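Undergrad: coords below, sequence missing:
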DNA sequence: GAGTGGTCTAGACCACCTC
DNA sequence: AGGTGGTCTAGACCACTCG
């Protein structure tokens, strides 16, 4: 006799577990609170640790949890809104933005960047590394690529690699009249060096923002910024409603 | 004497595996080509299947691979650029955009949306469900929330739930003068219903785009769109650049 | 050193697709 | 029916943090 399996919709355990945990986070936990460890949680729900971890991974991806090796799993605060566009659509480095320059070198950019810059794949370009902190937390790491041909004064820079040189490159860049820019956002995973800056493990999910700066009718520079996907919500203000800029909580 | 541990950085197997596979994809495979199955790949690299899967998951997250149950793992085409802003920052549904309306109901929105709309958490609002296809592929599913108070003509709509009603709601919305909009982008995981629309499994990574439409000095509508993170690269054009070009002419 | 999350294994079974 | 990826288990060891 056919065991009439009613509702044969075997929802995966980890999925159900996720919703149960999510509800518990809403009702029984507060931000910053530390959860029981994975082995105990797994036992409590009667599942293998790997299954429990699958649920936790989802919740971490959604910014609900924060896990740190050797420490534990804590309830994450709501994602912070991070404004991606500089007010006034300026060149990078203008005014007192939240970025901090690290150093500058001259090296061949990734193939994708070279393509955007319309330079030869092995042509070295000025590369400025910066990172961005908000509320004391690292949120983004960026590489800014500027071909020597874009800015005449660039060749004259003789500062050694380092912060001073980075500032010099940005200063030269700002002499150009910015005509426009366009951006794209996609999902990626943190490379080892970015992960270190962002205080995450390699492979952590990041939002990759690629900005193309246009001057003199051509691509003058390209910036590739990786934002922590777990803690950040990228915000874009519409300049048409410039007076309504108060939403970036 | 401090044991100067020279680079004792035991790179995880799945991480190393990922780079090996990534290089192989670049050099030995072409778009659409099908990879050996997971059990064989695992054996070939001498790792457990779970470890191999960890590497594949990363590559899928980065849009390099596409996996489908019962079929296999194939090499994914480059992500497609999807324009998020309508030209001219229009209300949704204007002109021939790529969206297709599905239906419309009146229901209480998610708490986060109610907060943006500044309505009571349980107040029903007009909800329009749409989805978007590009090149024959589903890329996004969206819910548009419009409080009854935003548009006077909304109460008069008597079309039954369905496509006709959805169009009627959009039509009424477009009578308002749009003053501005702002957006945010964050990482999320697909709910069961969205996942179905997007032809993915529940929990698949998505880019959640929240748009707030402002008219009459208040939030007139909120749209929450979920884009497939594996296949999409969201693009934002800078309207300021358009102005400058006009000035330059 | 004790406790945490991160990695890895070697199995098993299930859901889905195609032939 | 056979093959694929998706889920799940019950262990083990490792890397890291902190008292």
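TA: Yep, that arrived. Since this is a predicted model, take the numbers as computed values, not measurements. Numbers count the residues shown, from 1 in each chain, chains lettered A, B, ... in the order given.
Undergrad: hang on, residue A:193 is in a strand, isn't it?
TA: No: under DSSP: H, G, I helix; E, B strand; the rest coil, residue A:193 sits outside any strand and is assigned helix.
Undergrad: Report how many residues lie close to it.
TA: Residue A:193: 12 surrounding residues under other C-beta atoms under 10 Å in any protein chain shown. In short, each C-beta sits where N, CA and C put it, glycine included.
Undergrad: What residues does it make contact with?
TA: Listed by C-beta atoms under 8 Å, 6 or more residues apart in numbering or on different chains, the contact set of residue A:193 reads residue A:141.
Undergrad: Quick check: pLDDT value at it.
TA: On pLDDT, residue A:193 comes in at 88.
Undergrad: do the same with residue A:6
TA: pLDDT, residue A:6: 39.
Undergrad: Same check on residue A:223?
TA: pLDDT recorded at residue A:223 is 95.
Undergrad: which residues does it form a beta bridge with?
TA: Residue A:223 has these beta-bridge partners by DSSP bridges: residue A:144, residue A:211.
Undergrad: What is the longest helix of chain A by residue count?
TA: helix A:13-28 (DSSP state H).
Undergrad: Low-confidence stretches in chain A?
TA: Scanning chain A with the threshold set as pLDDT under 70 gives A:1-9, A:86-90, A:93-97, A:159, A:238-249.
Undergrad: returning to what we had before: residues in contact with the longest helix of chain A?
TA: Residues from elsewhere that reach helix A:13-28, judged by C-beta under 8 Å, 6+ apart: A:45, A:47, A:51-52, A:54-56, A:58-59, A:64-65, A:75, B:202-203.
Undergrad: swap the cut-off to 6 Å and go again
TA: A:47, A:51, A:54-55, A:58, A:64, A:75 (C-beta atoms under 6 Å, 6 or more residues apart in numbering or on different chains).
Undergrad: which one among the residues you listed gets closest to residue A:171?
TA: Comparing the contacts of helix A:13-28 against residue A:171 with C-beta to C-beta places residue A:64 closest, at 42.1 Å.
Undergrad: what about that closest one, how many neighbours?
TA: Neighbours around residue A:64, by other C-beta under 10 Å: 20.
Undergrad: how is chain A carved up into domains?
TA: A:13-75, A:80-247 (automatic domain parsing).
Undergrad: now the ones you listed as TSV including distance to residue B:106?
TA: Shown next, in TSV, are the domains of chain A (distance: least, C-beta to C-beta, whole Å):
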stretch	distance to residue B:106
domain A:13-75	25
domain A:80-247	26
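Undergrad: Serialize the ones you listed to a markdown table and add fields for distance to DNA strand C.
TA: Below are the domains of chain A laid out as a markdown table (distance: least, C-beta to the nearest atom of the strand, whole Å):
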| stretch | distance to DNA strand C |
| --- | --- |
| domain A:13-75 | 3 |
| domain A:80-247 | 6 |
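Undergrad: Among those, show me which one is buried the most.
TA: domain A:80-247 (a mean of 18; mean count of other C-beta atoms under 10 Å in any protein chain shown).
Undergrad: to the chain's geometric centre, what's the distance from that domain?
TA: Centroid separation between domain A:80-247 and its chain, computed with C-alpha atoms, centre = their mean, to the nearest Å, is 12 Å.
Undergrad: Repeat that for stretch A:48-62.
TA: Centroid separation for stretch A:48-62 versus its chain: 21 Å, with C-alpha atoms, centre = their mean.
Undergrad: I'd like the next helix or strand past the longest helix of chain A.
TA: helix A:38-45 (DSSP states H and E).
Undergrad: Do that following helix and DNA strand D come into contact?
TA: No: applying C-beta under 7 Å from any atom of the strand, one finds helix A:38-45 out of contact with DNA strand D, separated by at least 7.6 Å.
Undergrad: what packs against that helix?
TA: Judged by 3 or more C-beta pairs under 6 Å, 6 or more residues apart in numbering or on different chains; DSSP states H and E, the packing partners of helix A:38-45 are helix A:49-61.
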